[in-house]
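> My questions are about this predicted structure, shown below with the sequence.
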Amino acid sequence: MVIDRVSMVYNVTSTGGRDEVPVPAPVRWARRALGRPPVVRNRAVNDVTLAVHQGEFVGFIGRNGSGKSTLMNIVAGQMNPTSGRVHATDTPVKLGVNVSLVPALSGEKNIRLGCLAQGMDPRLVDEVLPELVEVAALGKAIHWPMKAYSSGMAARLRFAVATATDPHILILDEALSTGDAQFRDRGQARMAQIREQAGCVLFVSHSMAEVRQMCTRVVWLDQGDLVMDGDPEHVTREYEAFMKELAAGNNRAAERIKEQLMNDLVRTELREVHA
């Protein structure tokens with residue numbers, strides 16, 4: 001899969017400043033007369049290019065508002081980018097998006113329904129159902145109607161359904177943070193299975209321990225910019241140093257870390273181009 005120079009720009013209203021979006025003069029004057037707030041540009045994703053290969057488990061990290069979920073929605077086909085394209089060998093599956101479940105049905109029946117909706121043969125569904133029930137780790141609640149589930153329980157059920165078909169490209173946005181240790185262990189085991197079967201996983205998480213344990217590669221986004229892309233230990237260490245400076249109020253020191261890393265990334269890309 002290739003993410004080719006993808007950008008996403010939103011036009012949003014602001015409580016201060018001036019219009020950043022071209023607006024015809026009559027409209028601008030009318031808005032000012034009515035006291036309407038100005039319209040500014042929010043660059044959620046800024047010219048990101050990545051290639052993800054078979055068997056990779058790629059973690060996406062970054063503080064809130066960095067564009068991680070926006071990028072995942074673009075890859076999943078939920079959004080059209082402002083510019084750029086995503087090229088994939090198969091349809092990416094985002095957890096909980098590609099399968100519609102029925103709140104009035106039990107968890108077990110929803111697993112069966114979700115599998116059938118994804119085109120699985122009924123006999124194969126019968127074979128994999130016990131394994132998926134185990135992955136969901138809902139205990140007796142698997143026989144309850146889904147409308148009685150907490151948001152975490154529903155997420156665990158969707159996780160089981162989304163991973164039933166061994167998707168070639170699976171997108172997980174904080175999916176494993178919704179349960180207890182038992183669910184996380186089973187979920188991680190299921191992810192390892194998918195990776196071994198030559199699929200690839202895009203995994204958004206704020207848990208650096210989880211990212212270091214599970215991912216073969218980590219991408220760090222900040223304010224829509226690609227800051228780092230590489231070894232999980234190296235990237236998470238630099239990210240934690242950046243966040244430590246921010247937490248201490250050392251914003252300039254944090255920005256220097258980010259600028260240096262982005263410059264290093266550009267130099268690395270230039271060397272690869274000329275190699």
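The structure has been received and is ready for your questions. Numbers count the residues shown, from 1 in each chain.
> and G55, which of the three is it?
Here G55 is recorded as coil under DSSP: H, G, I helix; E, B strand; the rest coil.
> how close does it sit to G199?
Using CB to CB, to the nearest Å, we find G55 at a distance of 8 Å from G199. All C-beta spots, glycine's among them, are computed from the backbone N, C-alpha and C.
> These two: which has the busier surroundings?
More neighbours surround G199 than the other of G55 and G199, with 22 against 14 (other CB atoms under 10 Å).
> what about that one, distance to L172?
12 Å.
> my guess is M243 contacts N64, does it?
No. Using CB atoms under 8 Å, M243 is not in contact with N64; the gap is 11.5 Å.
> out of the two, which sits in the more crowded spot?
Each of M243 and N64 has its neighbours counted (other CB under 10 Å); M243 has more, 16 against 7.
> check contacts around that one.
63, 254 (CB atoms under 8 Å, 6 or more residues apart in numbering).
> moving C-terminal of the lowest-mean-pLDDT helix or strand in the chain, what's the next helix or strand?
Among the helices and strands of the chain, helix 25-33 carries the lowest confidence by mean pLDDT, DSSP states H and E, at a mean of 58. Using DSSP states H and E, the helix or strand that follows helix 25-33 in sequence is strand 39-51.
> and H87, how many neighbours?
Quick note: H87 (other CB under 10 Å) scores 9 neighbours.
> cool, the one 5 residues further on as well?
Residue neighbour count, defined by other CB under 10 Å, stands at 22 for P92.
> and the nearest residue to it once chain neighbours are set aside, how many neighbours does it have?
Distances taken as CB to CB, 6 or more residues apart in numbering put I169 closest to P92, at 4.1 Å, once the chain neighbours are dropped. Residues lying near I169 (other CB under 10 Å) number 20.
> Does I169 touch V86 like I think?
No. The pair I169 and V86 fails to qualify as a contact (CB under 8 Å) at a distance of 10.0 Å.
> Overlap of the contact sets of the two?
Both I169 and V86 are in contact with 1, 75, where contact means CB under 8 Å, 6+ apart.
> the strands in the stretch 1-150 of the chain, which residues?
Counting by DSSP state E, counting those that start in this stretch, the stretch 1-150 of the chain has these strands, from start to end: 2-13, 39-51, 57-61, 83-87, 93-94.
> nearest to Q213, of those?
strand 57-61 (9.9 Å; CB to CB).
> Give the rounded mean pLDDT of that closest one.
The average pLDDT for strand 57-61 rounds to 95.
> Sheet partners, orientation included, of that strand?
strand 200-204 (parallel), strand 217-222 (parallel) (DSSP bridges).
> Now do the helix or strand following the last one: distance to the chain's middle.
Read that as strand 217-222. Later in the chain than strand 217-222, the nearest helix or strand by DSSP H and E is strand 225-230. Computed by CA atoms, centre = their mean, to the nearest Å, the chain-centroid distance of strand 225-230 equals 15 Å.
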